[in-house]
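Student: can't give you the sequence, but here's the structure:
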């Protein structure tokens, strides 16, 4: 089939364009496999050989990428990367509005954002200017405890 190389190139381009519209990074490797099949097709390899090269190159690249991505981008255990509100517990903030009301709510600034805060023990009062540590998050409120001494390096307030 004389036009097989061109068909493989068109197929590869379609796969790479389709990759833009997917959430994963998977079709790109099959696009490269199609380009490899086109290359061997232009060298005179038959259609069965072209398909074999397509499947082999695509499979190897997909398997290698999953291994590489998993090793370098997926964190587990104590090195887990936390972002957003998941990163707040353990961080230090500063009370910006003292406790008020029966529930002793106040406001605490952590990571540059002000949060409605409650004492984690339910009875302590929050005093403006004191440093507190985020214990837990419930909804849009944080629960904090008073800390003594300067904040540790890397803490934000």
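Tutor: Arrived safely. These figures come from a predicted structure and were not determined experimentally. Residues are numbered from 1 along each chain as shown.

Student: what's the closest non-adjacent residue to residue 134?
Tutor: Once flanking residues are discounted, residue 134 sits nearest to residue 88: 4.7 Å by C-beta to C-beta, 6 or more residues apart in numbering. For the C-beta atoms, the positions are set from N, CA and C on the backbone; glycine is no exception.

Student: Could I get the pLDDT score of the one you found?
Tutor: You'll see residue 88 listed with a pLDDT of 79.

Student: what is the mean pLDDT for the helix ranked longest in the chain?
Tutor: The longest helix of the chain (DSSP state H) is helix 47-73. For helix 47-73, the mean pLDDT works out to 86.

Student: buried sites along it?
Tutor: By neighbour count, and taking 16 or more other C-beta atoms under 10 Å as the criterion, the buried residues in helix 47-73 are 50-51, 53-54, 57-58, 61-62.

Student: related to what we said a few turns ago, shouldn't the residue nearest to residue 134 be in contact with residue 112?
Tutor: No: with contact defined as C-beta atoms under 8 Å, residue 88 does not reach residue 112; the gap is 12.0 Å.

Student: between the two, which one's more packed in?
Tutor: Applying other C-beta atoms under 10 Å to residue 88 and residue 112 shows that residue 88 carries more neighbours, namely 20 against 7.

Student: Alright, that wraps it up for me.
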